[in-house]
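Q: Next one to model:
(one chain, ligands or ions: 2)
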Amino acid sequence: MPITNDGAVGESKKMIIEIKDVSKIYRLGDQNVLALKHVNLKVEEGRFMAIAGSSGSGKSTLLNIMGCIDTPSKGQVIINGRDVSGQAPDELAEIRARTIGFVFQTFNLLPVLSAEENVEYPLLQMPEISKEERRERVRTYLGIVGLGKYADHRPNQLSGGQRQRVAIARALVTNSRVVLADEPTANLDRKTGAGILDLMQKINVERGTTFVFSTHDRRVMERADTQVRMEDGRIMKLGLKLSDGSWKFVLDQSKGEEGPEINPEA
Ligand SMILES: Nc1ncnc2c1ncn2[C@@H]1O[C@H](COP(=O)(O)OP(=O)(O)O)[C@@H](O)[C@H]1O
Ligand SMILES: [Mg+2]
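A: Numbering: from 1, shown residues only. Ligands and ions are numbered 1, 2, ... in the order given. Prediction:
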């Protein structure tokens, strides 16, 4: 099957997010910070994608732009076939609420709400969903993340791993097609972090939910089926995992224009 240099395999699968020639400039006092430089990326539906790079490489900026939390200075963002670049903030919020779920490094749960109420929260902005359906969905998703028995617990009565599970349930409860997770395991010990990745992968495989997660940890990156390596606001490498577990790099700027698969000596 043809693999293009932005990671799209064939033509059959749907692109849930497309980033086209996106640059982001932050103004900091009288300085301009170029956080993203001409980034192109397609996220095929069903992928389990890692965005890897050191601190300051642009991972959060890219995820925030993919999730319509932030807007690009230049370029286009296409969500589920729809160009969102020129949309008004309330329309962006609507697209975001119905398509995309977010998970953060520090969980970002509301401390005064129980696990159940935290998961229910995004549904309160959707008037078409009845109270009964809300209850049903909250119960379903708390069950999926294995926290059915902790519905009444507040965040400070839960461990870090359990809090992140609540955050995952909250990201999924609106029937999101894609979950964007910014360093979801960075505040967890290795074993708990691995458990969160197991859960995300299970949801990816069983429900077909697309995941894009950032990390600065190579072990976390290795769990993905697609890896995007960022350096200084640019995508330097884009790799797809082959069935034998090895990586095929379809883009590799670190070795010049030609990727390793083109080089006969590689
Ligand atoms: N709101 C902001 N204002 C100014 N500069 C920012 C802002 N957000 C990020 N940056 C800068 O943009 C670059 C990329 O940051 P970020 O996307 O947070 O990287 P990462 O998530 O990989 O650590 C960094 O140089 C950072 O300092
Ligand atoms: Mg970051």
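Q: Break down the stretch 1-150 of the chain into its strands, ranges please.
A: Counting by DSSP state E, counting those that start in this stretch, the stretch 1-150 of the chain has strands at residues 15-28, 31-44, 48-52, 74-79, 82-83, 100-103.
Q: Ranking these by mean neighbour count, which comes first?
A: Highest mean neighbour count among these (mean count of other C-beta atoms under 10 Å): strand 48-52, with a mean of 25. (C-beta placed from N, C-alpha, C; glycine too.)
Q: Specify the beta-bridge partners of the residue sitting nearest the centre point of the chain.
A: Geometric centre of the chain, nearest residue: L180, 2.1 Å, by C-alpha atoms, centre = their mean. In this entry, L180 is beta-bridged to F102, V212, by DSSP bridges.
Q: related to what we said a few turns ago, any chance of the strands of the stretch 1-150 of the chain in CSV, with distance to M126 and mean pLDDT too?
A: Output for these, formatted as CSV (distance: least, C-beta to C-beta, whole Å; pLDDT from 0 to 100):
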stretch, distance to M126, mean pLDDT
strand 15-28, 20, 96
strand 31-44, 24, 97
strand 48-52, 27, 98
strand 74-79, 18, 96
strand 82-83, 19, 91
strand 100-103, 13, 96
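Q: Including distance to ligand 2, could these go into JSON lines?
A: Listed next are the strands of the stretch 1-150 of the chain as JSON lines, based on distance: least, C-beta to the ion, whole Å:
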{"stretch": "strand 15-28", "distance to ligand 2": "13"}
{"stretch": "strand 31-44", "distance to ligand 2": "10"}
{"stretch": "strand 48-52", "distance to ligand 2": "10"}
{"stretch": "strand 74-79", "distance to ligand 2": "18"}
{"stretch": "strand 82-83", "distance to ligand 2": "26"}
{"stretch": "strand 100-103", "distance to ligand 2": "13"}
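Q: mind putting these in CSV, distance to ligand 1 included?
A: Formatted as CSV, the strands of the stretch 1-150 of the chain follow (distance: least, C-beta to the nearest ligand atom, whole Å):
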stretch, distance to ligand 1
strand 15-28, 3
strand 31-44, 3
strand 48-52, 8
strand 74-79, 15
strand 82-83, 23
strand 100-103, 14
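Q: Let me know the pLDDT of the residue nearest to the centre of the chain.
A: What the model reports as pLDDT for L180 is 98.
Q: Cross-check the contact I'm expecting between it and T99.
A: No: the pair L180 / T99 is not scored as a contact, 10.5 Å apart, by C-beta atoms under 8 Å.
Q: Skipping its backbone neighbours, what lies nearest whatever residue of the chain ends up closest to ligand 2 in space?
A: Closest approach between the chain and ligand 2, counting by C-beta to the ion: S60, at 3.2 Å. Leaving out its chain neighbours, the residue that sits closest to S60 by C-beta to C-beta, 6 or more residues apart in numbering is D182, at 5.5 Å.
Q: could you list every residue that touches that neighbour?
A: K59, S60, L63, F102, V103, F104, Q105, F213, S214 (C-beta atoms under 8 Å, 6 or more residues apart in numbering).
Q: just for this protein, where's the confidence low?
A: 1-12, 255-266 (pLDDT under 70).
Q: residues in it within reach of ligand 1, list them.
A: Residues of the chain lying close to ligand 1 by C-beta under 6 Å from any ligand atom are Y26, L28, V33, A35, G53, S55, G56, S57, G58, K59, S60, T61.
Q: at 5 Å instead, please
A: Within reach of ligand 1 by C-beta under 5 Å from any ligand atom, the chain has these residues: Y26, L28, V33, A35, S55, G56, S57, G58, K59, S60, T61.
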